[in-house]
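K.L.:
prediction below, plus the sequence it came from.
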Amino acid sequence: MNNFFFRIRQMLLLAGVGAGLAACGGKFASTEQVATQERCDGLAPASQAPGQAKVEPITTIACTVMQELDLRSAIIQVSVDGKLIYSTALGESAPGTPATTAMHFRNGAVAMTYMATVLLQLADENRLSLSDKVGKWLPGLPAADSVTLEMLVNNTSGYPDYAADPEFLSASKADPLREWTAGGLMSYAFNKELIYPPGTNWNYSHTNYLVLDAVIEKVTGKPLAEVLRERILDPLRLRNTASSVKPDIPSPVLRAYTSERGGYEESTLWNPSWTLPAGAVMTTDITDLRISAEAIMRGRLLSPTSFAAQTDARLVGFGNPAACPPGICRKNTETAHFGMGLLVSGPWLMQSPMFGGYSASIGMLPERGISIAVAATQGPRANPDRNGGEALMFAIARQMAPDRPVPLSALAQ
């Protein structure tokens, strides 16, 4: 499949929005009443939250990005210090059906952030240590006596990414409705040697999260879906987020379309079973997506020590692309480096899932309490390998904090 969840190439090579945004910027300012929003290609925003914000430029920015990237729909929420100041849906879900802020969609790699948070919670409770070898919990896995739990969660294990395997990509593209099992996915990763000795380089790998799932279930004695419900969804009151083993999405549904297989086709019910462990395949809505950023990216579910470890800069400068096959390994930088289950770009914390025509992004600027959540779908001329939701988040971040933009977006300027 040409694009897969949280593709690192997209994160590091993502093109910036065009010069048309330059005139849309402006410093964040309070107003007593929310400005009247503009129409976007004849499609009015579906809703808008009351509050204090300079909201009209955000809508203008969103419409500009949608037009430049040919996004079919965009659902957006912005909050400051936990107060919702902007909530809008633009464009269409299906032909003739406007997108709304109540619609559900896949949250993809955001569940990786949930899983990393659970691992750190278990460390806080002394039920495991990040320095534990995988073999302590899962003896028999390749390099189980060398790979640590920390290596799994920060992508330094050396395990090949099954989602980058050419045979897997061919099979997945040929049948996007196929249901995959963890064992079947593991076979694509573990039928080959490690890419590098554990702990010596960096490569993004879905395989790490399949192994992490098995560790979490072994430690807790519970299925991953139950663990995530008890430790993440219920404490944060994420009432519209749920694990599912089927490709169905709760109503109302934000429908997705993509041209990644050639022709432009609906991809709403493409099977997501390959993307993450079964309990972490989830659907959500824009409110729950925003609340996740507000809480997790401010460390509200972790001890200060664990949150510092989740977001620190220990990987800056780490990674040697030349020591791996082309396009596999990456060097982490101040502009874009990985923490545990999230991306750090300067002062911003991020996660940006993408799958089968759906794209999304959550961004948090902790020092100012700004949270941005975006979900988007693709039009027929959209680049299927580009995360339009992330491009929207970058543009809105520049509007909300012009002196503290997301540095990652500057890579493509």
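P.N.:
The structure has been received and is ready for your questions.

K.L.:
can you give me the strands in the chain?
P.N.:
71-80, 83-94, 97-98, 105-106, 242-243, 257-258, 265-266, 282-284, 337-338, 343-345, 348-351, 354-355, 358-365, 370-378 (DSSP state E).

K.L.:
strand partners of the second one, parallel vs antiparallel please.
P.N.:
Using DSSP bridges, the neighbouring strands of strand 83-94 in the sheet come out as strand 71-80 (antiparallel), strand 97-98 (antiparallel).

K.L.:
could I get the average pLDDT for it?
P.N.:
Averaged across strand 83-94, the pLDDT comes to 95.

K.L.:
give the buried residues for it.
P.N.:
By 16 or more other C-beta atoms under 10 Å, the buried positions in strand 83-94 come out as Leu84, Ile85, Tyr86, Ser87, Thr88, Ala89, Leu90, Gly91, Glu92, Ser93, Ala94. Any C-beta I mention is one placed from the backbone N, CA and C, and that applies to glycine too.

K.L.:
could you work out the most separated pair of those residues?
P.N.:
Largest separation among these by C-beta to C-beta: Ile85 and Ala94, giving 29.1 Å.

K.L.:
make JSON lines from the strands of the chain and add distance to Trp202 to it.
P.N.:
Listed next are the strands of the chain as JSON lines, based on distance: least, C-beta to C-beta, whole Å:
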{"stretch": "strand 71-80", "distance to Trp202": "31"}
{"stretch": "strand 83-94", "distance to Trp202": "36"}
{"stretch": "strand 97-98", "distance to Trp202": "42"}
{"stretch": "strand 105-106", "distance to Trp202": "26"}
{"stretch": "strand 242-243", "distance to Trp202": "29"}
{"stretch": "strand 257-258", "distance to Trp202": "29"}
{"stretch": "strand 265-266", "distance to Trp202": "35"}
{"stretch": "strand 282-284", "distance to Trp202": "26"}
{"stretch": "strand 337-338", "distance to Trp202": "7"}
{"stretch": "strand 343-345", "distance to Trp202": "13"}
{"stretch": "strand 348-351", "distance to Trp202": "17"}
{"stretch": "strand 354-355", "distance to Trp202": "20"}
{"stretch": "strand 358-365", "distance to Trp202": "22"}
{"stretch": "strand 370-378", "distance to Trp202": "27"}
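
K.L.:
looking at the ones you listed, spot the one closest to Leu194.
P.N.:
Closest among the strands of the chain, using C-beta to C-beta: strand 337-338, at 18.8 Å.

K.L.:
what helices or strands is the closest one leaning on?
P.N.:
With contacts taken as 3 or more C-beta pairs under 8 Å, 6 or more residues apart in numbering; DSSP states H and E, strand 337-338 sits against strand 343-345.

K.L.:
neighbouring contacts of the strand it packs on?
P.N.:
The contact list for strand 343-345 (C-beta atoms under 8 Å, 6 or more residues apart in numbering) reads 11, 311, 313, 335-338, 349-352, 406-408.

K.L.:
now with 7 Å, please.
P.N.:
With contacts defined as C-beta atoms under 7 Å, 6 or more residues apart in numbering, strand 343-345 is touched by Met11, Thr311, Thr335, Ala336, His337, Met350, Gln351, Val406, Pro407, Leu408.

K.L.:
next one: it to chain centre, how far?
P.N.:
Offset of strand 343-345 from its chain centre (C-alpha atoms, centre = their mean, to the nearest Å): 12 Å.

K.L.:
which residues of the stretch 151-300 of the chain fall in helices?
P.N.:
Using DSSP state H, counting those that start in this stretch, the helices of the stretch 151-300 of the chain run over 166-174, 182-190, 207-220, 224-228, 286-296.

K.L.:
quick one: which of the ones you listed is nearest Ser361?
P.N.:
Counting by C-beta to C-beta, Ser361 lies closest to helix 286-296 out of these; the figure is 9.1 Å.

K.L.:
state the distance from Met66 to Ala164.
P.N.:
Met66 sits 30 Å away from Ala164, going by C-beta to C-beta, to the nearest Å.

K.L.:
got it, and Arg314?
P.N.:
Taking C-beta to C-beta, one finds Arg314 at 25 Å from Ala164.

K.L.:
of the two, which one has the most company?
P.N.:
Neighbours around Arg314 and Ala164, counted as other C-beta atoms under 10 Å, are more numerous at Ala164. The numbers are 21 against 14.

K.L.:
follow-up on the earlier one: and the contacts of strand 343-345, which is closest to Met400?
P.N.:
Val406 (10.6 Å).

K.L.:
mind listing what the closest one touches?
P.N.:
Val406 is in contact with Ser345, Gly346, Trp348, Gly363, Phe394, Ala397, counting by C-beta under 7 Å, 6+ apart.

K.L.:
so how far is Ile291 from the first one?
P.N.:
Translated: Ser345. Per C-beta to C-beta, Ser345 is found 21 Å from Ile291.

K.L.:
likewise for the fourth one?
P.N.:
Using C-beta to C-beta, Gly363 is found at 14 Å from Ile291.

K.L.:
equivalent analysis for Thr60, please.
P.N.:
For Thr60, the distance to Ile291 - C-beta to C-beta - is 26 Å.

K.L.:
so which of these two has more stuff around it?
P.N.:
Ile291 (24 against 20).

K.L.:
distance check, the nearest residue to that one once chain neighbours are set aside against Asp385.
P.N.:
Spatially, and ignoring its direct neighbours in sequence, Ile291 is nearest to Leu236 (5.7 Å; C-beta to C-beta, 6 or more residues apart in numbering). As judged by C-beta to C-beta, Leu236 and Asp385 stand 32 Å apart.

K.L.:
same question for Gly346.
P.N.:
Distance from Gly346 to Asp385, by C-beta to C-beta: 24 Å.

K.L.:
just to revisit the earlier point, do you know which of the strands of the chain lies nearest Ala171?
P.N.:
Among the strands of the chain, strand 354-355 sits nearest to Ala171 (C-beta to C-beta), with 16.1 Å.

K.L.:
okay if I get the helices of the stretch 151-300 of the chain as JSON lines plus mean pLDDT and distance to Pro160?
P.N.:
Listed next are the helices of the stretch 151-300 of the chain as JSON lines, based on pLDDT from 0 to 100; distance: least, C-beta to C-beta, whole Å:
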{"stretch": "helix 166-174", "mean pLDDT": "95", "distance to Pro160": "10"}
{"stretch": "helix 182-190", "mean pLDDT": "94", "distance to Pro160": "5"}
{"stretch": "helix 207-220", "mean pLDDT": "98", "distance to Pro160": "6"}
{"stretch": "helix 224-228", "mean pLDDT": "98", "distance to Pro160": "22"}
{"stretch": "helix 286-296", "mean pLDDT": "97", "distance to Pro160": "28"}
